[in-house]
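Participant: Quick one, what's the 3D model for this:
(one chain, ligands or ions: 1)
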Amino acid sequence: MAATSSSAVSALGSAAVRWTSRCIFALADNRCTWTFVPQRQLSGLTSAGVSGQKVVSTTSFVKRQFSGLRGAAFPGQKVVSTPLFVKSNSRTTMTLAAGVSKFEAVTMAPPDPILGVSEAFRADTSDAKLNLGVGAYRTEELQPLVLNVVKKAEKKMLESGENKEYLPIEGLAAFNKATAELLLGADSPAIKEGRVATVQGLSGTGSLRLGAAFIQRYFPGAKVLISSPTWGNHKNIFNDAGVPWSEYRYFEPKTVGLDFEGMMADIKDAPSGSFILLHGCAHNPTGIDPTPEQWEKIADLIEEKGHMAFFDVAYQGFASGSLDQDADSVRLFVKRGLEILVAQSYSKNLGLYAERIGAINAVVHSSDVAVRVKSQLKRLARPMYSNPPVHGAKIVANVVGDAALFDEWRAEMEMMAGRIKTVRQRLYDDLSTKDKSGKDWSFVLKQIGMFSFTGLNRAQSDNMSDKWHVYMTKDGRISLAGLSLAKCSYLADAIIDSYYNVQ
Ligand code: PLA
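Facilitator: Numbers count the residues shown, from 1 in each chain. So this is what the prediction gives:
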């Protein structure tokens, strides 16, 4: 197999050696070939990929070592140019290709801005450490909580001896029914008229991803508008699905409130037929939601402009403690007869983080359209993950489908939402008492849901972790769900120090 200049270069990818030569030799199938490569074709190559590799200078060594090598390239590449020689002025050198991984060009990905915080937390050995990064509920003892209703539902499932057969592509029918009813209300006309297409998804993230894939396929070129700021993964989801997005104004730092005028102006300016991603309740990371009157105006504008709302409902029950109240925004759109997409998650409200249970819903104008939309959502799901996991779906179906368990769930959710509110109040009290400057910390009380958006910048957030062992996301968000009453005073000290002593 002969190596050409382009194949030699592409086999190198962006890794390889510090090339000073214009001449690449390649050996494959026991034959040594060489080619001149124009300098500019090599100019993008860096030395990063070969650190730790030896460079040798004798060709005989090469022949001995590599005589058995056969070509195998990345898919689509014809030629493999396993050892590579470089002639540089009077010297001939060779990269020891046997040690060069075909993955050498793969660069290190940055840690995830949210889940990466937990990794840093785990590595910290201090007793004082506190993880306020990921939005995961903890007890006052800072331990994870499995809800009683979940334990009861699982017991029931175990006793009934359920099997592990594949679910249908669209998921568990009882779950899909329960989740749509929880979202829209059990007596929703849209459900009764068969206008809701529901497909079980891999929690909120997987459901958003399925929705994004649907937009990419059936609304090619349509743009998604995302709030600024938003949950960090939204941009990744639409990027990976190949859906163009831009941001609409949302947060006003001066008032630590909603920039409603900015939001409306940006939605108005978006090309007609755009998708507007809205947090159904408990906006992440700001904890600031539109008022009911503002939701009406948002719906008016979306209708007027021919846009479509794509709701992300990851915290139903966590904003107010009421499942119904937290679905008001979504129900308002449905009541007006607007078509919408909604991604749901049971990570937080049922504490089923690791079960990956959620759904994508399309509420549309007719049952006929709903059937077709559902068939296409299934078609997208099948090659991605085939069919969803069953365990979480059965838990949700059991809890929502059993009146006693459902009531108990509501009580447990109120308890969780209540504990977060108590911690919020205590943090505010501690900040206000300790900070003698007169700064108004009341935004902490006004924000809702799991988070508080502190306004701390990146350097201040770094100080929180480096000096105080308090881990939070670098956008200044803290998860109050991971805070205990006992730690509020310590956290207030850390925030005040970071706010005033770090720029
Ligand atoms: N949508 C929003 C707005 C979220 O905040 C999250 C989770 C999800 C969807 C998806 O969650 P799921 O896939 O588990 O259902 N946000 C967390 C966790 C709680 C995370 O980043 O994955 C957060 O800390 O922001």
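
Participant: Buried residues of the longest helix anywhere in the chain, list them for me.
Facilitator: Identified as the longest helix of the chain according to DSSP state H is helix 403-434. Going by neighbour count (16 or more other C-beta atoms under 10 Å), the buried part of helix 403-434 is 405-406, 408-410, 412-413, 416-417, 419-420, 423-424, 426-432. Where you see a C-beta, it was placed from the backbone N, CA and C, and this is true even at glycine.

Participant: cool, stretch 311-326 as well?
Facilitator: 311-323, 326.

Participant: any chance you could map the helices in the stretch 51-200 of the chain?
Facilitator: 59-66, 115-123, 148-159, 173-184, 189-192 (DSSP state H, counting those that start in this stretch).

Participant: who's in contact with A197?
Facilitator: N361, A362, V364, A370, V371, V373, K374, L377 (C-beta atoms under 8 Å, 6 or more residues apart in numbering).

Participant: about what we covered before: nearest to the ligand, out of the buried residues of stretch 311-326: which one, please.
Facilitator: A314 (3.6 Å; C-beta to the nearest ligand atom).

Participant: With A178 as the reference, measure out to E159.
Facilitator: Separation of E159 from A178 (C-beta to C-beta, to the nearest Å) stands at 20 Å.

Participant: Show me which of the two is the more surrounded one.
Facilitator: Neighbour count, other C-beta atoms under 10 Å: between E159 and A178, A178 has more, with 22 against 8.

Participant: Just the element for the nearest residue to the more buried one once chain neighbours are set aside, please.
Facilitator: Among residues not flanking A178 along the chain, V400 sits closest, at 3.9 Å (C-beta to C-beta, 6 or more residues apart in numbering). Here V400, judged by DSSP states H and E, is contained in helix 391-401.

Participant: which residues in the stretch 201-350 of the chain form strands?
Facilitator: Secondary structure of the stretch 201-350 of the chain (DSSP state E, counting those that start in this stretch): strands located at 224-228, 245-249, 251-252, 257-258, 275-279, 308-313, 340-345.

Participant: Nearest to the ligand, out of those strands?
Facilitator: Taking the strands of the stretch 201-350 of the chain one by one with C-beta to the nearest ligand atom, strand 340-345 is closest: 3.1 Å.

Participant: name the helices or strands packed onto the closest one?
Facilitator: Applying 3 or more C-beta pairs under 8 Å, 6 or more residues apart in numbering; DSSP states H and E, we find strand 340-345 packed against helix 173-184, helix 203-218, strand 308-313, helix 328-335, strand 357-363.

Participant: Nearest approach to F260 belongs to which of these?
Facilitator: Nearest of these to F260, taken as C-beta to C-beta: helix 328-335 at 14.3 Å.

Participant: quick one: the closest one to strand 357-363, angle?
Facilitator: Calculated by axes from the mean of the first three to the mean of the last three C-alpha atoms, to 10 degrees, helix 328-335 forms an angle of 30 degrees with strand 357-363.

Participant: and helix 328-335, is it in reach of the ligand?
Facilitator: No. If you take C-beta under 6 Å from any ligand atom as the test, helix 328-335 misses the ligand, and the best it gets is 13.4 Å.

Participant: That helix: how far from the chain's middle?
Facilitator: The chain centre lies 25 Å from the centre of helix 328-335; the measure is C-alpha atoms, centre = their mean, to the nearest Å.

Participant: buried set for it?
Facilitator: For helix 328-335, the neighbour count (16+ other C-beta under 10 Å) marks D328, S329, V330, R331, L332, F333, V334 as buried.

Participant: nearest to S126, of the residues you listed?
Facilitator: Using C-beta to C-beta, those come closest to S126 at S329, 40.9 Å.

Participant: which bits of the protein sit near the ligand?
Facilitator: Near the ligand, when you scan the chain using C-beta under 6 Å from any ligand atom, you find 114, 134-135, 203-205, 231, 233, 279, 284, 312, 314, 345, 347, 353, 358.

Participant: Which pair of these spans the longest distance?
Facilitator: Every pair of these checked by C-beta to C-beta; the farthest is H279 and Y353, at 18.5 Å.

Participant: Neighbour count: those two, which is higher?
Facilitator: Taking neighbours as other C-beta under 10 Å, H279 and Y353 compare with H279 leading, 25 against 18.

Participant: what's near enough to touch that one?
Facilitator: So H279 contacts S227, T230, W231, D289, F311, D312, A314 (C-beta under 8 Å, 6+ apart).

Participant: The residue of the stretch 151-300 of the chain found nearest the ligand: how many residues sit nearby?
Facilitator: Nearest to the ligand, among the residues of the stretch 151-300 of the chain, is G204, at 2.9 Å (C-beta to the nearest ligand atom). Applying other C-beta under 10 Å, we find 25 residues neighbouring G204.

Participant: Now do the residue in the stretch 401-503 of the chain positioned nearest to the ligand: how many residues are near it, please.
Facilitator: Relative to the ligand, the nearest point of the stretch 401-503 of the chain is S479 (6.4 Å; C-beta to the nearest ligand atom). By other C-beta under 10 Å, 26 other residues sit near S479.

Participant: got it, and T139?
Facilitator: So T139, with other C-beta under 10 Å, has 11 neighbours.

Participant: Mind pulling the model confidence for the nearest residue to E119 once chain neighbours are set aside?
Facilitator: Leaving aside its sequence neighbours, E119 sits nearest to P111 (C-beta to C-beta, 6+ apart; 6.4 Å). Note on P111: pLDDT of 88.

Participant: what's the spacing between P111 and the ligand?
Facilitator: 13 Å (C-beta to the nearest ligand atom, to the nearest Å).

Participant: my read: that residue touches F121, true?
Facilitator: No. If you go by C-beta atoms under 8 Å, P111 and F121 don't touch, sitting 11.7 Å apart.

Participant: what domains does the record give for the chain?
Facilitator: For the chain, the TED database gives the domain ranges 113-145+408-501, 166-401.

Participant: which stretch among these comes nearest E154?
Facilitator: The nearest among the domains of the chain, by C-beta to C-beta, is domain 166-401 at 6.5 Å.

Participant: show me the contacts for the residue lying closest to L172 once chain neighbours are set aside.
Facilitator: Nearest non-adjacent residue to L172, counting by C-beta to C-beta, 6+ apart: A393, 4.0 Å away. Shown in contact with A393 (C-beta under 8 Å, 6+ apart): L167, G171, L172, A174, F175, Q200, I357.

Participant: returning to what we had before: nearest to D440, of the helices and strands packed on strand 340-345?
Facilitator: helix 328-335 (28.1 Å).

Participant: relative to strand 308-313, how tilted is the closest one?
Facilitator: Using the same axes, to 10 degrees, one finds that helix 328-335 and strand 308-313 are set 150 degrees apart in direction.

Participant: Show me what helix 328-335 is packed against.
Facilitator: helix 173-184, helix 292-305, strand 308-313, strand 340-345.

Participant: Please identify the deepest-packed of the ones you listed.
Facilitator: Here the criterion is mean neighbour count by mean count of other C-beta atoms under 10 Å, and of those the winner is strand 340-345, at a mean of 26.
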